[in-house]
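Asker: Sequence below, structure please.
(4 chains)
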2 protein chains.
Amino acid sequence: MVTLEDVAKQAGVSLATASRVLNGSTRQVGAALRARVEQAADELGYRANIAAQTLARGASNVIGIVVHDLTDPYFAALADGAMRAAATEGLLVMVGTTHRDPEQELAYVATLNAQRVRAVLLVGSRVADPAVTGLLRDELARYQAGGGRAACVGQDLLGVDTVAPANRQGAAELARALADLGHTRFAVLAGPPHLVTAADRCAGFVEALEELGLPAPQVIHGPFDRDGGYAAASQAGDVTCVFAVNDVMAVGALAAYRERGVRVPDDVSVAGFDDIVTLRDHVPALTTVRLPLKDMGARALELALGEGDPVVVEQVAGEVVLRESVRRMT
Amino acid sequence: MVTLEDVAKQAGVSLATASRVLNGSTRQVGAALRARVEQAADELGYRANIAAQTLARGASNVIGIVVHDLTDPYFAALADGAMRAAATEGLLVMVGTTHRDPEQELAYVATLNAQRVRAVLLVGSRVADPAVTGLLRDELARYQAGGGRAACVGQDLLGVDTVAPANRQGAAELARALADLGHTRFAVLAGPPHLVTAADRCAGFVEALEELGLPAPQVIHGPFDRDGGYAAASQAGDVTCVFAVNDVMAVGALAAYRERGVRVPDDVSVAGFDDIVTLRDHVPALTTVRLPLKDMGARALELALGEGDPVVVEQVAGEVVLRESVRRMT
DNA sequence: GCAGACTTGGAAACCGCTTTCCTGGGAGGT
DNA sequence: ACCTCCCAGGAAAGCGGTTTCCAAGTCTGC
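Answerer: Residues are numbered from 1 along each chain as shown, chains lettered A, B, ... in the order given. Model prediction:
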């Protein structure tokens, strides 16, 4: 492996000069020497050792993103947004997937801390378990004590900058919109009770119905993914409208109904949450609450990188988008 | 930031001993000292500086994966497979997205080289441009000269271990299967001519039709993504069957037909390639050529990590899966 | 033509950890 | 008891850069 010393030797200059030429320094270097160094580096095919640079500089140009599942379009969109933002800052991205295991998440933060990454993004719902949250807070605090920066997309439970989708409000607005269409008997495919995102959306929906004086919906818990939606939909009773707390679950529900010959929206209306980009290719087009996922990912990165001595929590409003999957009840 | 020296001092031992206790060493350390060190590390919240470790050890535990677009289910599946495999090896993953820009790909390989990552995975189709391929080969050669390991999912054009989907054969088999159903007039939504994957699939399809004595299909070029498929489908002439060279394009084509009121498969049959997991939720279910994407990603990682003095090229066969989106012509 | 302010190049300390090499002491053999 | 061998622990030399601190020029202004 070619080192800076090799380059310096070949160019006949000191290590310091070679370093100044090749890796951005404030110091000037004479044109002649500069050219010699650059030529030597080129001839030798020199590539700076970033580990050494990180060590010497005490700061790395890597950020870490922790998501639950990259194959879920929701996380893919958030991660993509964050990664594009990172790329414009010249930062590299280390991605970890937890597959919804809090221990993995914790381990990843510890590892990213060890890597001395510039910032850590925690993307995805928090869990309701205070013990888990506490451990994660501790780990993040440790990381931040060492100068690390962190941000979260989800709930403001970690004491770091947070991009927080307005899950309750979004779900409540959706409930009102659906009630406006004349629906009265609802089921909520609610996901796991301990996932805060799922719980908030469910609660917002339920409360809004209550305020409207409508009967309480049937609440069906299950996994937060496509198959969870599929399974939950199969358990729904005699309702006119089903609210899946996220789009991939709603897509699963659509599949379940399709297989059983239940027509959407004629026999039952279906709504989701998130407005993942792939929705446009599903039939019928899914009613949902739109979240600007890419922007949220990018924004989280900005927050993490920014000053933020006071912790910033940004609410992101969701916008109800009515599409074919719900019908008006006459 | 807590350093190993702090821990050693607090425990009253030497740096060497602390290092041996905390970061796996072959050397034994007495139980008493070991306990003291561990306690000190715990109290101080010590996290090893991986940059320093990497530098000292001369080997990192990070691998790099370069994909074109994470939000595309094809790449997401491949990346996920590779990441899961990496996780079982205790490796961290650095993900780069090129958005199909060869320069980005090149730059990413250079950066990963600079990071001295253990292995680099290049996921996605090569381009036909020999100049581009040459530069990438050079960069990879440089990386490998420094002890790096590399593998590719795509075409065997880089001189590294490769997992190569049998695009021609898969497309040819698909063509024969569709011809068996009685189709004779085809269009191929062929993607960009310079993308080898797209070109191979198109060529395999075209050749198979020729062998069968069928008329040459209409070949429509365009982008390799969902919108490319949408646009291309809109240009297709009077054919009974459309082959999109990948599934996301086929999904776009389905959308185009749906919007225009063209019924699939009644009015036109549609087939794709890859069998991305999200297909199960599209209507009508899409005929395609199945590729074991997750396995391919995992296998590529294995190859990269393995010995592989002779370069390994593994063909992966595709399996034709007939679904509702094609119909039998009477 | 000369003092003083700038600029440019180099020597060397340092970043935090690993690992070689050395030392002292205890175990085992006779 | 004595000698050898082995082993735990520590000192110190890197790993490959960055950056501070000096020294030696180079300009500028009078």
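
Asker: For the most centrally placed residue in chain A, give its distance to DNA strand D.
Answerer: In chain A, the centroid-proximal residue (CA atoms, centre = their mean) is residue A:123; its distance is 3.5 Å. Separation of residue A:123 from DNA strand D (CB to the nearest atom of the strand, to the nearest Å) stands at 31 Å. All C-beta atoms are positioned from the backbone trio N, CA, C, and that covers glycine.

Asker: tell me the contacts of that residue?
Answerer: A:65-68, A:75, A:78-79, A:82, A:152-154, A:297, A:300 (CB atoms under 8 Å, 6 or more residues apart in numbering or on different chains).

Asker: where's it relative to DNA strand C, distance?
Answerer: As judged by CB to the nearest atom of the strand, residue A:123 and DNA strand C stand 28 Å apart.

Asker: Next, give phi and psi for residue A:229.
Answerer: phi -70, psi -40 (degrees, to the nearest 10).

Asker: And for it, the neighbour number?
Answerer: 31 (other CB atoms under 10 Å in any protein chain shown).

Asker: these two touch, right, it and residue A:243?
Answerer: No: the criterion here is CB atoms under 8 Å, and residue A:229 misses it with residue A:243 at 10.9 Å.

Asker: Give me the common contacts of these two.
Answerer: Residues touching both residue A:229 and residue A:243 by CB under 8 Å, 6+ apart: residue A:189.

Asker: Need the contacts of residue A:123 in CSV (columns: distance to residue A:51 and pLDDT).
Answerer: Below are these laid out as CSV (distance: CB to CB, whole Å; pLDDT from 0 to 100):
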residue, distance to residue A:51, pLDDT
A:65, 20, 97
A:66, 22, 96
A:67, 25, 96
A:68, 29, 96
A:75, 29, 97
A:78, 29, 97
A:79, 25, 97
A:82, 24, 97
A:152, 28, 97
A:153, 29, 97
A:154, 32, 96
A:297, 27, 97
A:300, 27, 97
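
Asker: Next step: those residues restricted to strands.
Answerer: Here DSSP state E is the test, and the contacts of residue A:123 give A:65-67, A:152-153 as lying in strands.

Asker: could you dump those residues to a markdown table with neighbour count?
Answerer: Shown next, in a markdown table, are the ones in strands among the contacts of residue A:123 (neighbours: other CB atoms under 10 Å in any protein chain shown):
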| residue | neighbour count |
| --- | --- |
| A:65 | 30 |
| A:66 | 24 |
| A:67 | 25 |
| A:152 | 27 |
| A:153 | 30 |
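
Asker: between those, which is nearest residue A:257?
Answerer: residue A:67 (29.0 Å; CB to CB).

Asker: and the closest one, what does it touch?
Answerer: Residue A:67 touches A:75, A:78-79, A:95-98, A:123-124, counting by CB under 8 Å, 6+ apart.

Asker: Going along the chain, name the strands of the stretch 1-150 of chain A.
Answerer: A:62-67, A:92-97, A:119-123, A:149-153 (DSSP state E, counting those that start in this stretch).

Asker: ok, then the element right after the last one?
Answerer: When you say that, I think you mean strand A:149-153. strand A:161-165 (DSSP states H and E).

Asker: Give me the packing partners of that following strand, helices and strands only.
Answerer: strand A:149-153, helix A:293-305, strand A:313-316 (3 or more CB pairs under 8 Å, 6 or more residues apart in numbering or on different chains; DSSP states H and E).

Asker: Count the residues that sit near the residue of the stretch 201-330 of chain A found nearest DNA strand D.
Answerer: Using CB to the nearest atom of the strand, the closest approach of the stretch 201-330 of chain A to DNA strand D is made by residue A:305 at 18.6 Å. Number of residues near residue A:305 (other CB under 10 Å) recorded here: 18.

Asker: Now do it, the pLDDT please.
Answerer: In the predicted model, residue A:305 carries a pLDDT score of 93.

Asker: Equivalent analysis for residue A:58, please.
Answerer: 88.

Asker: What's the local residue count around it?
Answerer: Neighbours of residue A:58 (other CB under 10 Å): 12.

Asker: quick one on the thing from earlier: can the contacts of residue A:123 go into TSV with extra columns for distance to DNA strand D?
Answerer: Putting the contacts of residue A:123 into TSV (distance: CB to the nearest atom of the strand, whole Å) gives the following:
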residue	distance to DNA strand D
A:65	25
A:66	28
A:67	31
A:68	36
A:75	34
A:78	32
A:79	29
A:82	26
A:152	30
A:153	32
A:154	35
A:297	30
A:300	28
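
Asker: Pick the one among those residues closest to residue A:251.
Answerer: residue A:75 (14.9 Å).

Asker: That closest one contacts residue A:65, correct?
Answerer: No: using CB under 8 Å, residue A:75 is not in contact with residue A:65, being 9.4 Å away.

Asker: residue contacts, the nearest residue to residue A:116 once chain neighbours are set aside?
Answerer: The shortest distance from residue A:116 to any non-neighbouring residue, by CB to CB, 6 or more residues apart in numbering or on different chains, is to residue A:60 (5.3 Å). Residues counted as contacts of residue A:60 (CB under 8 Å, 6+ apart) are A:50, A:54, A:115-118, B:51.

Asker: Could I get the buried residue list for stretch A:44-60?
Answerer: Within stretch A:44-60, the residues that count as buried by 16 or more other CB atoms under 10 Å in any protein chain shown are A:44-55, A:60.

Asker: and of those residues, the nearest to residue B:88?
Answerer: The closest of the buried residues of stretch A:44-60, once distances to residue B:88 are taken by CB to CB, is residue A:51, at 23.9 Å.

Asker: residues in contact with residue A:13?
Answerer: Per CB under 8 Å, 6+ apart, neighbours of residue A:13: A:33, A:36-37.

Asker: quick one: it from residue A:36, how far?
Answerer: 7 Å (CB to CB, to the nearest Å).

Asker: doesn't residue A:189 fall inside a strand?
Answerer: Yes: applying DSSP: H, G, I helix; E, B strand; the rest coil, one finds residue A:189 inside a strand.

Asker: I'd guessed it sits against residue A:230; true?
Answerer: No: counting by CB under 8 Å, residue A:189 stays clear of residue A:230, with 9.4 Å between them.

Asker: Looking at those two now, which is surrounded by more residues?
Answerer: residue A:189 (32 against 25).

Asker: Okay, and the beta partners of that one?
Answerer: residue A:220, residue A:244 (DSSP bridges).

Asker: show me what contacts it?
Answerer: A:220, A:222, A:228-229, A:232-233, A:236, A:242-245, A:249-250, A:253.

Asker: go on, residue A:234?
Answerer: A:256, A:260.

Asker: host element of it?
Answerer: helix A:226-235.

Asker: Same question for residue A:320.
Answerer: strand A:319-321.

Asker: chain center to that strand, what's the gap?
Answerer: What separates the centre of strand A:319-321 from the centre of its chain is 20 Å, taken as CA atoms, centre = their mean, to the nearest Å.

Asker: which residues sit against it?
Answerer: A:170, A:173-174, A:177, A:275, A:287-290.

Asker: Inside strands: which ones of the residues you listed?
Answerer: Per DSSP E, the subset of the contacts of strand A:319-321 in strands is A:288-290.

Asker: Turn those residues into CSV, including pLDDT.
Answerer: Putting the ones in strands among the contacts of strand A:319-321 into CSV (pLDDT from 0 to 100) gives the following:
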residue, pLDDT
A:288, 98
A:289, 98
A:290, 98
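
Asker: These also near DNA strand C: which ones?
Answerer: Contacts with DNA strand C are made by none of these, judged by CB under 7 Å from any atom of the strand.

Asker: which one of the residues you listed is nearest residue A:214?
Answerer: Nearest member of the ones in strands among the contacts of strand A:319-321 to residue A:214, counting by CB to CB, is residue A:289, at 18.6 Å.

Asker: For that closest one, give me its contacts.
Answerer: A:170-171, A:173-174, A:272-275, A:318-321.

Asker: from these, which would you call buried?
Answerer: Buried, going by 16+ other CB under 10 Å: A:170-171, A:173-174, A:272-275, A:318, A:320-321, out of the contacts of residue A:289.

Asker: Mind checking which of those are in helices?
Answerer: Among those, the members found in helices (DSSP state H) are A:170-171, A:173-174.
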